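# Sequence and predicted structure below; questions after.
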Amino acid sequence: MQQQKLVNFDEVRNNNLKSIWLFFMFMVVIAFIGFIIGLIWGSMWVGVIIAVLFGLIYGLIAYYAGADMLLSLSKAKLATKKDYPYLVNTVEGLAIAANIPTPKIYVIEDTALNAFATGRGPKNSAIVVTTGLLKKMNREELEGVVGHEMYHIRNYDIRAMLIAAVMVGVIVLMSDVLLRSFLWGGKGGDRDSGNAGLILIVVGIILAILAPLIGELIRLSISRKREYSADAGAAILTRYPQGLANALKKIRDDPDPLVDTANKATAHMYISSPFRKKKGWLTNIFSTHPPIEERIKRLEAM
C-alpha cells in the first residue's frame, strides 16, 4: 500500500502540471478569438485585450460566486447531524484523515446514486450527495464515495474544474461574438476586400465553430484525468479500495442514473455521469468521466 501511495501522488502531481498546460491553452484560444474579432473591427490588439479582460472579469465573478450558484441550481439542502448523522460523521472523520477543514454537507432529494464536491478550496468547500446514494450504500461504500470527493477538495480539483468550466463559458461567449461580428460586419471585415478578406472570414467562421468544441474537449480531458486521481486518493484515505469499487458497481448498475437538477455545465462535478447511459464512440469522446469499468479495475488492482 505504501508503494501504491507514492505512485498515486506522482500521478496527482503530473495531472496538476498537465492541467496548468491545458489552462494555458484555454487562454490562447480566448486570445486568438479576440485577435480575429479585432481584425474584423479594425484593431487586432484591441480585440485581444478586450477578450482577455472580459475573460478575467467573467472568471472572477464566476470563481467567487460559482459554488453557491451550483448548490442553488442543484437544489441542494444543508444536511444536519440530526437528520443525517452517519453522513455527517463520515465526512467529519474523512476530513480529519485528509487533514482539511470539514466541508459543508448538502443533500439532493433524488433517487439517482451520485455525489459531487464544489468550492474554491479546502477552506471553502462542500460535499453533496443524493438521497438515493445514502439509501443504497453501506458504510464502506459511502466512505469510498465521500473519500473520492474529499480528495477532490484536498487536491484543489474543485478549484481547477470550476476555473475550467468558467473558461469554457468564456470561449463559447467569445465565439458567439465572433460569429455576430461577421453578420454585422466591421472595418476589417469587408467582404469585398479580396482574397485576404475571404480567407479571414473563412478562418474566423471555422474558429468560431470549433473553439467551443475544443474548449469542451479540454475541459472533459481535465475531468477524466482527475477522476482517476480522486479514486486513488479515496483508496489512500479510507485504506480500503474495494469500498469505492463496490460503490462504483452500484452506481454503474443504477437503473435510473438521471439526476434531475444536473445539466451539461455541472455534469463533470459528479462522481459519475448524471445523465442516462448511452453507448457509442462519440458518447465516449464527450463523456465527462472515464469508463467506470476501468475505474473499478484500477481500484481492485490496488
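Arrived safely, thanks for sending. Numbering: from 1, shown residues only.
# pretty sure residue 179 is touching residue 205, no?
Yes - using C-beta atoms under 8 Å, residue 179 is in contact with residue 205, at 7.3 Å. Glycine gets a C-beta too; all of them are placed from N, C-alpha and C.
# How is residue 289 assigned, secondary-structure-wise?
coil (DSSP: H, G, I helix; E, B strand; the rest coil).
# Next one: it from residue 164, what distance?
14 Å (C-beta to C-beta, to the nearest Å).
# can you check residue 93 too?
Taking C-beta to C-beta, one finds residue 93 at 30 Å from residue 164.
# So for the two, which residue has more residues nearby?
residue 164 (24 against 17; other C-beta atoms under 10 Å).
# tell me which element that one falls in.
helix 157-184 (DSSP states H and E).
# which residues of this protein fall in strands?
Taking DSSP state E, the strands of the chain run over residues 77-78, 104-108, 115-121, 124-130.
# Read off the pLDDT value for the nearest residue to residue 130 once chain neighbours are set aside.
Sequence neighbours aside, residue 110 is the residue nearest to residue 130 in space, at 4.4 Å (criterion: C-beta to C-beta, 6 or more residues apart in numbering). As predicted, residue 110 sits at a pLDDT of 93.
# unless I'm mixing things up, residue 110 is touching residue 261, no?
Yes - judged on C-beta under 8 Å, residue 110 makes contact with residue 261 at a distance of 7.3 Å.
# Look at the two and report which has more neighbours.
Legend: neighbour count by other C-beta under 10 Å for residue 110 and residue 261, higher for residue 110 (21 against 15).
# Against residue 50, how distant is residue 34?
Counting by C-beta to C-beta - residue 34 and residue 50 are separated by 6 Å.
# Looking at those two, which one has more neighbours?
residue 34 (25 against 17).
# what about the closest residue to that one other than its chain neighbours, how many neighbours?
Nearest residue to residue 34, sequence neighbours excluded (C-beta to C-beta, 6+ apart): residue 51, at 2.5 Å. Using other C-beta under 10 Å, residue 51 is surrounded by 27 other residues.
# can you pull the pLDDT of residue 51?
pLDDT, residue 51: 82.
# next one: residue 289
Reading off the model, residue 289 has pLDDT 74.
# My read is that it contacts residue 274, right?
No - using C-beta under 8 Å, residue 289 makes no contact with residue 274, being 9.9 Å away.
# Those two: which has the busier surroundings?
Legend: neighbour count by other C-beta under 10 Å for residue 289 and residue 274, higher for residue 274 (26 against 18).
# Is it correct that that one is in contact with residue 256?
No - contact criterion C-beta under 8 Å: residue 274 and residue 256 do not qualify, at 11.0 Å.
# Now do the shared contacts for these two.
residue 112 (C-beta atoms under 8 Å, 6 or more residues apart in numbering).
# what's the distance between the nearest residue to residue 97 once chain neighbours are set aside and residue 20?
Excluding the flanking residues, the one nearest residue 97 by C-beta to C-beta, 6+ apart is residue 237, at 5.0 Å. According to C-beta to C-beta, residue 237 and residue 20 sit 25 Å apart.
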